[in-house]
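> next one to model:
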Amino acid sequence: MKRQSQHNYFTSYGVRHLQAGLNSLGQLSRAPFTTLITCIVIGVTLALPMALFILLKNVDVLSQKLQQSTQMTLYLKAETTKAQAQAVVQQLQENALIKEAHAISPDEGLTELQHQAGVTNMLVELQNNPLPWAIAIQPTRKAQSSQALAELGNTLKQIPAVEATQLDSLWVERLCALITLSHRLVYAFTFFLSLTVLLIVNNCIRAATQFHQKEIDIIKLIGGTRAFIRRPFLYAGMVYGILGGIIAWQLVDLLLLWLQNPINHLISLYNDTFELIGLNVTETLYLLLISVVLGWIGSWFAVTRYLQSRRI
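Here you go, the predicted structure:
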C-alpha cells in the first residue's frame, strides 16, 4: 500500500511538471516573434564569450606547436674538432630532457648565415671562416617551460667543450603571459555577459508575470502554492536558455566555417597547416547546461520578486 502511494505521488508530481512545461511552451508560442528575438539576443550574448574561448583554445594549440619548435644552440670552443663535436652530440643524446641534437659544421653555419643575410661569397671577404662548431638542440616537451630551459642551459654550460649557449625563448614567454592574461579577461567577460543573460531572462519573465497577473491571483485564491505558480515560469526561463544556447552554438560553428579558409591561407604562407578546433561534445553540453541554468536562475529571481511584491 505504501509503495502504491509513493508510485502515485511520483506520477502526479511528474504530471504536474509536464503540465507546467507544456503551459510554458504554450505561452511562448503565443508570442513567437518576441520569443525568437529574446532567444537570438541570448544566443548572441552567449556566443561572444564562447567565440573568445574557441579563439584562445586554438591559440593554445598554436603556442604549443611554437614551444615545441623552441631550439637551443650550443657554440663550441674555436679549437673543437669534428670528432670532439660528435662526442658532445652523443653525450647530449643521452640526456632525458633533449629530444634531438645534431652538429653544425662551420661551413654549414656560414652557408646558413649567407642565406639569411642574402649575400654570397662572404668567405672571400673574410678569408677565414670565423664560425665555430655548433650543436642545435631540440628539448623534449618536459623541458619546454622557461624554468626548465634555463636549468638545461646552465647544465649544458658545464660541458668543457661548450663556449656559449643561445636560447631565443623570450618571445615564447611573452606569448604565454599574454595567453594567461587573455584567459582571465575571457573569464571576466563571460561573467559579465552571464549577468546580462540573467537580466534578459529576468525582464522577460517579469513581463510575463505582469501579463498573467489575473491568472496568478485566481490560482492563489483556489489554494495554489508558490511553487505551483512559479513552475511554468521556471520552465519558460529554461526554454529561453536552451534555445539561446543552441543559437550560440550554431553561431560559433558558422564563425569557424567563415574563418577557416582565410586562416588556412595565412598558415600556408608559413609552410604549415592548421585546422581550427571548435566545440567538442563535452564543451557543447556545458554551453547548453550553463544556458539552461542561467535561464532558470533569471526566471526564479523574477517570479520570486513578483510574488513577494504581491505578498503571495
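
> now do the strands in the stretch 101-250 of the chain.
Along the stretch 101-250 of the chain, counting by DSSP state E, counting those that start in this stretch, strands occupy 134-139, 162-167.

> those strands: which one's closest to residue 308?
When the strands of the stretch 101-250 of the chain are compared by C-beta to C-beta, strand 134-139 sits nearest residue 308, at 62.7 Å. C-betas here are computed from N, CA, C, even on glycine.

> tell me the most buried of the strands of the stretch 101-250 of the chain?
strand 134-139 (a mean of 21; mean count of other C-beta atoms under 10 Å).

> distance between the ends of stretch 263-278?
End-to-end distance for stretch 263-278, by C-alpha to C-alpha, to the nearest Å: 14 Å.

> one step back: going by mean pLDDT, which of the strands of the stretch 101-250 of the chain comes out lowest?
Mean pLDDT per stretch puts strand 162-167 lowest among these, at a mean of 79.

> for that one, packing partners?
Here strand 162-167 is seen to pack against strand 72-76, helix 146-157 when contacts are counted using 3 or more C-beta pairs under 8 Å, 6 or more residues apart in numbering; DSSP states H and E.

> hang on, the earlier thing: dump the strands of the stretch 101-250 of the chain into a markdown table; add distance to residue 72 as well.
Compiled in a markdown table, the strands of the stretch 101-250 of the chain are given as follows (distance: least, C-beta to C-beta, whole Å):
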| stretch | distance to residue 72 |
| --- | --- |
| strand 134-139 | 4 |
| strand 162-167 | 5 |
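
> so which of those strands comes closest to residue 241?
For residue 241, the closest of those is strand 134-139, at 46.6 Å, according to C-beta to C-beta.

> pull the distance from that closest one to the chain's centre.
Its chain's average C-alpha position is 32 Å from that of strand 134-139, according to C-alpha atoms, centre = their mean, to the nearest Å.

> run the angle between it and strand 72-76 for me.
With axes from the mean of the first three to the mean of the last three C-alpha atoms, to 10 degrees applied, the angle from strand 134-139 to strand 72-76 works out at 150 degrees.

> mind listing what strand 134-139 pairs with, with the direction of each?
strand 72-76 (antiparallel), strand 98-104 (antiparallel) (DSSP bridges).

> would you mind getting the angle between it and helix 146-157?
Going by the same axes, to 10 degrees, strand 134-139 makes 140 degrees with helix 146-157.

> residues in contact with strand 134-139?
70-76, 85, 88-89, 92, 97-104, 109, 148-149, 152, 156 (C-beta atoms under 8 Å, 6 or more residues apart in numbering).

> mind splitting the chain into its structural domains?
Here the domain parsing of the chain from automatic domain parsing is 14-66+174-309, 71-167.

> most packed of those domains?
Of the domains of the chain, the one with the most neighbours on average (mean count of other C-beta under 10 Å) is domain 14-66+174-309, at a mean of 16.

> next one: that one to chain centre, how far?
How far domain 14-66+174-309 lies from its chain's middle: 17 Å, per C-alpha atoms, centre = their mean.

> and the closest residue to residue 203 other than its chain neighbours, what helix or strand is that in?
In space, and not counting its chain neighbours, residue 203 is closest to residue 302: 7.6 Å by C-beta to C-beta, 6 or more residues apart in numbering. Under the criterion of DSSP states H and E, residue 302 resides in helix 281-309.

> report pLDDT for the closest residue to residue 287 other than its chain neighbours.
Once flanking residues are discounted, residue 287 sits nearest to residue 245: 5.4 Å by C-beta to C-beta, 6+ apart. At residue 245, the model reports a pLDDT of 91.

> go on, residue 289?
Per-residue pLDDT puts residue 289 at 92.

> how far away is it from residue 191?
Distance, residue 289 to residue 191, by C-beta to C-beta, to the nearest Å: 17 Å.

> please apply the same query to residue 290.
Using C-beta to C-beta, we find residue 290 at a distance of 12 Å from residue 191.

> what do you get for residue 284?
20 Å.

> before we move on, what about residue 238?
With distances taken as C-beta to C-beta, residue 238 is found 21 Å from residue 191.

> my guess is residue 202 contacts residue 300. True?
No. Counting by C-beta atoms under 8 Å, residue 202 does not reach residue 300; the two are 9.2 Å apart.

> can you name the helix or strand that residue 57 falls in?
According to DSSP H and E, residue 57 maps onto helix 32-68.

> just to revisit the earlier point, can I get the strands paired with strand 134-139 in JSON lines with distance to residue 308 and mean pLDDT?
JSON lines is the format used below for the strands paired with strand 134-139 (distance: least, C-beta to C-beta, whole Å; pLDDT from 0 to 100):
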{"stretch": "strand 72-76", "distance to residue 308": "67", "mean pLDDT": "84"}
{"stretch": "strand 98-104", "distance to residue 308": "65", "mean pLDDT": "83"}
